[in-house]
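**Student:** Sequence unavailable; structure follows:
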Ligand SMILES: [Zn+2]
Ligand SMILES: [Zn+2]
Ligand SMILES: [Zn+2]
């Protein structure tokens, strides 16, 4: 895929509010640690990144079919597609 083509998954991006701005939704429930946070741009789920032990952002994308996340780290605003495994 070239950068000139728009990722079709961007159609799933909504104006979302973070559901758990304090951290990863699943890790907060289990008391697990995380490294970085990713925001689902379809439903506002906050999940942990692939460097975290539980990788809940990737898990969420696969289970619910919400492929586009944005970094939830301060000062970062890049987006990632878990289907295309690329920035989008
Ligand atoms: Zn995509
Ligand atoms: Zn997590
Ligand atoms: Zn989602």
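**Tutor:** Arrived safely, thanks for sending. Given the structure is predicted, the values throughout are model-derived calculations rather than measurements. Ligands and ions are numbered 1, 2, ... in the order given.
**Student:** Now do the contacts for the residue nearest the centre of the chain.
**Tutor:** Closest to where the C-alpha atoms of the chain average out (C-alpha atoms, centre = their mean) is residue 69, at 3.2 Å. The contact partners of residue 69, by C-beta atoms under 8 Å, 6 or more residues apart in numbering, come to 38-41, 47, 57, 61, 79-80, 82. Every residue, glycine included, has its C-beta placed from N, CA and C.
**Student:** Test my guess that residue 34 contacts residue 24.
**Tutor:** Yes - here residue 34 reaches residue 24: they are 4.8 Å apart, a contact under C-beta atoms under 8 Å.
**Student:** If we ignore the residues flanking it in sequence, what's nearest residue 53?
**Tutor:** residue 32 (6.5 Å; C-beta to C-beta, 6 or more residues apart in numbering).
**Student:** now residue 28
**Tutor:** residue 20 (6.1 Å).
**Student:** quick one: secondary structure of that neighbour?
**Tutor:** coil (DSSP: H, G, I helix; E, B strand; the rest coil).
**Student:** burial count for it?
**Tutor:** When counting by other C-beta atoms under 10 Å, one arrives at 18 neighbours for residue 20.
**Student:** residues contacting it?
**Tutor:** 28, 45-46.
**Student:** Could you tell me how far it is located from ligand 2?
**Tutor:** Separation of residue 20 from ligand 2 (C-beta to the ion, to the nearest Å) stands at 10 Å.
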